[in-house]
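Peer 1: predicted model and sequence follow; I will ask about them next.
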Amino acid sequence: DQQVKQNSPSLSVQEGRISILNCDYTNSMFDYFLWYKKYPAEGPTFLISISSIKDKNEDGRFTVFLNKSAKHLSLHIVPSQPGDSAVYFCAASAAGNTPLVFGKGTRLSVIA
Amino acid sequence: DTGVSQNPRHKITKRGQNVTFRCDPISEHNRLYWYRQTLGQGPEFLTYFQNEAQLEKSRLLSDRFSAERPKGSFSTLEIQRTEQGDSAMYLCASSLPPDPEYFGPGTRLTVL
């Protein structure tokens, strides 16, 4: 049973526009959420995180929103750039320090 | 610090052979994790260490898999009697809680 779900396998966005990647989770014990970006033949790279005491966290072009009642989070990238093209993974943990549970990823393509 | 390193980057072996992978974490990180990733999936947790103590093992980690972190620094993951189903990317990550996990580039295993 997938505890972290990324229902869109792929997303295409024009350069300069907003990219919105979505993630749903089922385990109400999760309280720490992260987004990782992965290029081919490389390991995942940490992007941004949010703890359950917040509903928004920003870092430059990246913003993560958390809706605890809906068990939903999203990553917004504004403006999108061609270098953002990669696979994005949503991950979650319980009590902040347990091993991460990952979704299957969403492949983002930013078209120039 | 150059980040998490993993060796080898690629390993091709025949079914039934034993293989060993090495992970060198970021030097001040006390936690070290092993994950496995197959095509179209997100990373799946295998096991993790805090210093030299192995704290948790996933049920994915069959008896043919063993991991060690003898001095609380580098770690090895050994797979005995490899099977074709073991073909995957093996990812190592390290962290110093409450900071997030940082991943290495992975070791791609192909079992023929």
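Peer 2: Received, thanks.

Peer 1: how about chain A: which residue is closest to chain B?
Peer 2: With Cβ to the nearest Cβ as the measure, residue A:102 is the residue of chain A nearest to chain B, at 3.1 Å. C-beta here means a position set from N, CA and C on the backbone, and glycine is covered the same way.

Peer 1: residues near that residue, how many?
Peer 2: Residue A:102 has 25 neighbours, counted by other Cβ atoms under 10 Å in any protein chain shown.

Peer 1: just checking, it touches residue B:43?
Peer 2: Yes: with contact defined as Cβ atoms under 8 Å, residue A:102 reaches residue B:43; the gap is 5.0 Å.

Peer 1: low-confidence regions, the chain specifically.
Peer 2: Assuming you mean chain A. For chain A, the stretches with pLDDT under 70 are A:96-97.

Peer 1: chain B is the one I meant
Peer 2: In chain B, residues with pLDDT under 70: B:1.

Peer 1: residues in it within reach of chain A, list them.
Peer 2: B:4, B:6, B:33, B:40-45, B:48, B:56, B:58, B:91, B:93, B:97-98, B:100-106 (Cβ under 8 Å from any Cβ of the partner chain).

Peer 1: one more time with 6 Å
Peer 2: Counting by Cβ under 6 Å from any Cβ of the partner chain, the residues of chain B close to chain A are B:41-43, B:45, B:48, B:91, B:97-98, B:100, B:103-106.

Peer 1: now for those, which pair is the farthest apart?
Peer 2: Between any two of those, the greatest separation by Cβ to Cβ is 26.7 Å, found for B:41 and B:98.
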